[in-house]
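S.K.: Generate coordinates for the sequence data below:
(chains A, B, C and D)
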Protein chains: 2
Amino acid sequence: MARRRQAVTIKHVAKDAGVSLQTVSRVINNEPNVRLAMKERVQNSIDRLGYVPSIAAQRMSGSRSYLILAINDREKTIAEWHSRSGTDWVDQMLLGGILTCSQYGYRMMVELVDTHNDHVERELSATIAALQPDGVILTPPHSENRLITGLLAKKNIPFARIGSVEPGPGIRLTMDDERSARMATEMLIGLGHRRVGFVAGPDDYSLSTWRINGWKAAMEQAGLPTSGLLQHGDFRFDSGLAATQSLLALASPPTAIIASNDQMALGTIEAAREKNLDVPSDLSIISFDNTPVVRFTDPPLTAVDQPVAATISKAVELLINVAKLPLPREPINIEATLVERASTVPPQN
Amino acid sequence: MARRRQAVTIKHVAKDAGVSLQTVSRVINNEPNVRLAMKERVQNSIDRLGYVPSIAAQRMSGSRSYLILAINDREKTIAEWHSRSGTDWVDQMLLGGILTCSQYGYRMMVELVDTHNDHVERELSATIAALQPDGVILTPPHSENRLITGLLAKKNIPFARIGSVEPGPGIRLTMDDERSARMATEMLIGLGHRRVGFVAGPDDYSLSTWRINGWKAAMEQAGLPTSGLLQHGDFRFDSGLAATQSLLALASPPTAIIASNDQMALGTIEAAREKNLDVPSDLSIISFDNTPVVRFTDPPLTAVDQPVAATISKAVELLINVAKLPLPREPINIEATLVERASTVPPQN
DNA sequence: CGTCGGATTGAGAACGTTCTCAAACAGCGA
DNA sequence: TCGCTGTTTGAGAACGTTCTCAATCCGACG
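M.R.: Numbers count the residues shown, from 1 in each chain, chains lettered A, B, ... in the order given. This next block holds a predicted model:
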């Protein structure tokens, strides 16, 4: 294989414009102190020759890599993927990220990493050494992994933690999960429900705990019991099905259920069908995430909309401008909203 | 911002092991003609120091970039994304690609490009100059864009064209769309349907034409008319809805409809609901793609399964090994299968 | 008209790796 | 033991960019 070279380099441009490499470099990077006439002359050569700087060379000489690395949970992603049940996070994250990155001349790369792995630190460390990204975005549950955040802080690489309120290094972008869960619960209580079941996510996602707290708070404030109405799932369809089966098998089963993500809510629908319960008249359902699928279920689901894409987009902007802007020390909160659809009505019994 | 340097470089390893840079390089790249003892000594230093080569530097010195670039249709992707109707291709592509890439120490990056843009060539050319990928994967409709394929061929960058049977440069991985459509149509005819409507995709996707041909062929072979039973959509929900509305407004409407992707099939369901038609007893439906959503619609949809992820995975493997293996001159065909669900029954009238 | 200081430009080193080519080494037959 | 050949190792250039620092230019001021 022949050594592949850059077609047009900065040298060609410099020669064409009759200036030094350095001047071309200055024009490329839009640096001050270049005379306008000179700038135009160089830009002209750049355009005519179709020159584009090599990112590899830029990175080499100590500049930026124009790369943002987004870290996602491999275990969850692959499981969802193999079960063909949708990979909503990756999806939204990637697109929110790619579009925002491209506005700034950056790129985004998605890396899948196992949190439950002794080698996380080594694995991620190697990736960073190899790619040298300008910024890293951590999604749950990585955003709370001390090994990872410690590593990034030590390497002095700007990073954003999505969905974690825990103090520590890095920019934090949080969804107020407690508030969202409270909001959803209050809506159901407002409709007249008194037994509202909750299907939570796994324990190693701190958002699971926040959501449980929100649900409990709303129930207790209304003087309603929560005992026995809490189940845990793992964000997959099957776990939502099983959790709901348990809830519906109670002596006095809930008249409404909140599921911690859309996939588990699909399981909830399925469990109701199995028992010949009508949704929503026998069982109201609210889910979290509001991914595309919930518009097309029967009935369409009322859901808490987590603006994942907007969050990632914001994270990208902050990371890219990290040098220019003062870093927010406090978490930036991203507002979730409740999207009402046909799955929530007053209890019929 | 301080000039960011590599923590551990090949020099550190060389010094630590007491050998030259070149020897370390040889060990990294697993080259022959290194004495076993020497190899072990160097590997030892590498492990102990936690050395990982800088991809930027490797690429700079003429080696590989360990990057595969996947080109997707920006227009379609963004439209789907904003309408929150799912971005199935990107999703599957990305994951199939990422997982396979990581097996070989490569990475995948997704780039969104507009085909309907005079600057496609320039835009893509710039991306390639900047990133210098080792291979490029083109998905429809880019896989048939002569400007793009010509550019890649000229730059001598290995590339794969997904879903295009058109002759020309590049590795071709095709789904036999004519066959799939024929298969779906024949299944419906086998159930007793005589009026089978077809909602095709846009004209600039050549697969649209192939699928229409397959549908027509099956109908004609069974001696059934096709006139008036063909509608075009743009792969989005709304267009599927509108196309189906037209079909159902016919004097003798179809008893079954094949939609060219899942999103349009959702529109078909919606159109049937509006007319108070029961799916499947009044209207059978088959869709293309078999993305996660069709498992959860009411009823779940019979669908042609396009193994997108497996296809991308294969493309990645071929591109990575392009130097070692002889290039396939003929298109590699990826078999689609028909997944039967509850949306297809014999006609009831 | 000379001088000073900031603005503008350029020369050469540096970044971390692989490539090219030459030197040292080892094995083998005579 | 010598010479030949193929294997193993190393030295220095090359890759394309930016950084550092020095040189030049230009306008204004005395």
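
S.K.: For burial, what's the neighbour tally of the closest residue to DNA strand C within the stretch 201-349 of chain A?
M.R.: Relative to DNA strand C, the nearest point of the stretch 201-349 of chain A is residue A:323 (19.4 Å; C-beta to the nearest atom of the strand). In this view, the C-beta of every residue, glycine as well, is placed from N, C-alpha and C. The burial count assigned to residue A:323 is 9, neighbours taken as other C-beta atoms under 10 Å in any protein chain shown.

S.K.: and chain A, which of its residues are near DNA strand D?
M.R.: Those residues of chain A that sit near DNA strand D, judged by C-beta under 7 Å from any atom of the strand, are A:5-6, A:9-11, A:21-22, A:24-25, A:28-29, A:51-54, A:57-58, A:60-63.

S.K.: Give the closest residue to residue A:260 in space, chain neighbours not counted.
M.R.: residue A:201 (4.3 Å; C-beta to C-beta, 6 or more residues apart in numbering or on different chains).

S.K.: Pull the contacting residues for the one you found.
M.R.: The neighbours of residue A:201, taking C-beta atoms under 8 Å, 6 or more residues apart in numbering or on different chains as the test, are A:207, A:208, A:211, A:232, A:233, A:234, A:235, A:260, A:261.

S.K.: From those residues, pick the one nearest residue B:315.
M.R.: Of all those, residue A:235 has the smallest distance to residue B:315: 30.0 Å, by C-beta to C-beta.

S.K.: distance of that closest one from chain B?
M.R.: In this view, residue A:235 and chain B are 14 Å apart by C-beta to the nearest C-beta, to the nearest Å.

S.K.: ok so, going back, near chain B, from the residues of chain A next to DNA strand D?
M.R.: Restricting those to those touching chain B (C-beta under 8 Å from any C-beta of the partner chain) yields A:5, A:6, A:51, A:52, A:53, A:54, A:57, A:60, A:62.

S.K.: What residues are bridge-paired with the nearest residue to residue A:171 once chain neighbours are set aside?
M.R.: Distances taken as C-beta to C-beta, 6+ apart place residue A:160 nearest to residue A:171, at 4.4 Å, with adjacent residues excluded. Residue A:160 forms beta bridges with residue A:137, residue A:171, as assigned by DSSP bridges.

S.K.: circling back: whichever of the residues of chain A next to DNA strand D end up buried, select them in PyMOL.
M.R.: Below is the selection syntax for PyMOL that covers the buried ones among the residues of chain A next to DNA strand D, with 16 or more other C-beta atoms under 10 Å in any protein chain shown defining burial:
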select buried, chain A and resi 6+9+10+24+25+28+51+52+53+54+57+58+60+63
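
S.K.: can you pull out the helices in the stretch 201-349 of chain A?
M.R.: Secondary structure of the stretch 201-349 of chain A, counting by DSSP state H, counting those that start in this stretch: helices at A:206-221, A:237-248, A:262-274, A:308-320.

S.K.: Could I get those in JSON lines, plus columns for distance to chain B, mean pLDDT and mean neighbour count?
M.R.: Below are these laid out as JSON lines (distance: least, C-beta to the nearest C-beta, whole Å; pLDDT from 0 to 100; neighbours: other C-beta atoms under 10 Å in any protein chain shown):
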{"stretch": "helix A:206-221", "distance to chain B": "21", "mean pLDDT": "96", "mean neighbour count": "20"}
{"stretch": "helix A:237-248", "distance to chain B": "9", "mean pLDDT": "95", "mean neighbour count": "21"}
{"stretch": "helix A:262-274", "distance to chain B": "5", "mean pLDDT": "93", "mean neighbour count": "24"}
{"stretch": "helix A:308-320", "distance to chain B": "8", "mean pLDDT": "91", "mean neighbour count": "22"}
